[in-house]
Each structure stands twice: as C-alpha cells, then as structure tokens.
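K.L.:
give me coordinates for this.
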Amino acid sequence: MYTVTKEIYFCYGHRLLNYDGACRHLHGHNGKIEVELSKEKLDPRGMVVDFSEIRDVIKTWIDQTLDHTMLLKKDDPLIPILKEKKERFYVLNENPTAESIAHLIYEYAHSKGFPVTRVTLWETESSFATYRGT
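P.N.:
Okay, here's the model as predicted:
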C-alpha cells in the first residue's frame, strides 16, 4: 500500500452547544489538517496522487469554505445574527468538534474522488482528532 499525506493549515472559529467546558464560548483555532491518501498501485506517473491536485481541490475548498469562518451547529442561535451582519459562517449538522470537522473534510475529499483513508485535524499543537473511512 502506498500512502501520501498533505498538511493544510487554516484558521477557524467555533463554539460547542450543550457543553459545560470553555469551548461553549466563541473562540478560534489555528488548525492543521493532515489528509492521507492511499492506493495499492501507483499511477502511470509513479504517484498515489500529485500533491498539487490535493492543493488545487481540497486546500482550495478549505480556503474558500472553512478558513477564517465561524463553524456552527445548525441550531446555533448565533446564525441569524451572523447572517444579518453578512459574516462568514458554515453550518454543520452536529457540534463543530475536531471529530466532526475531520469527518466533514474526509467526506469532501471522498466526494471529489480522492482515495482518502484518513483525515486528522490538529486543533492545537497537542490535541487532534482523526476520522478514517469505514
């Protein structure tokens, strides 16, 4: 099995609803994503996937959709205010935890045909969450 991994950095804000810790308040992170792609055989170029393809598709989507954006659960009462103020936000069906953001990016990469096997979101230098496909 051949594997390549691309690191992608982005900044985002979020808060967790129905949570008793400090993350119930609006706050931000300088996140790092690791996107792992795997194949049994290399393509004719001798690659799993060209790193520039990962950049052009996945990093571009993250930059345009998640970077410098408030990530919120769909029933967060802050959404109408952000909408009114024309602020950037992205709505998830669940709390925007590191786990759910890793899953979101995994699903996007998969939907674009990448042979993604793992997405890890480093929320801080010492805390990360990973989603692996089933």
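K.L.:
now the helix ranked longest in the chain, how far from the centre of its chain.
P.N.:
Scanning the chain for the longest helix, with DSSP state H as the assignment, gives helix 98-111. Distance of helix 98-111 from its chain centroid, counting by C-alpha atoms, centre = their mean, to the nearest Å, is 6 Å.
K.L.:
next structured bit after that helix?
P.N.:
Sequence order places strand 116-122 as the next helix or strand after helix 98-111, per DSSP states H and E.
K.L.:
sheet-wise, list the partners of the helix or strand that that following strand is followed by with their directions.
P.N.:
Counting by DSSP H and E, the next helix or strand C-terminal to strand 116-122 is strand 128-132. Sheet pairing of strand 128-132 (DSSP bridges) gives strand 116-122 (antiparallel).
K.L.:
what about the partner strand, average pLDDT?
P.N.:
For strand 116-122, the mean pLDDT works out to 98.
K.L.:
now the helices for the protein?
P.N.:
Remark: helices assigned in the chain by DSSP H are 51-54, 60-65, 79-84, 98-111.
K.L.:
between these, which one is closest to L16.
P.N.:
Comparing the helices of the chain by their distance to L16 (C-beta to C-beta), the top pick is helix 98-111, with 10.0 Å. Every residue, glycine included, has its C-beta placed from N, CA and C.
K.L.:
what angle sits between that closest one and strand 128-132?
P.N.:
40 degrees (axes from the mean of the first three to the mean of the last three C-alpha atoms, to 10 degrees).
K.L.:
now do helix 98-111: which elements does it pack against?
P.N.:
strand 27-39, strand 89-92, strand 116-122, strand 128-132 (3 or more C-beta pairs under 8 Å, 6 or more residues apart in numbering; DSSP states H and E).
K.L.:
angle of that helix against strand 27-39?
P.N.:
Using the same axes, to 10 degrees: helix 98-111 against strand 27-39 is 40 degrees.
K.L.:
contacts for helix 98-111 next, please.
P.N.:
12, 31, 33, 35, 37, 57-58, 61-62, 66, 71, 92, 94, 116, 118-121, 123, 127-133 (C-beta atoms under 8 Å, 6 or more residues apart in numbering).
K.L.:
which of those residues are buried?
P.N.:
Neighbour counting over the contacts of helix 98-111 (16 or more other C-beta atoms under 10 Å) leaves 12, 31, 33, 35, 37, 57-58, 61-62, 66, 71, 92, 116, 118-121, 123, 128-131 as the buried ones.
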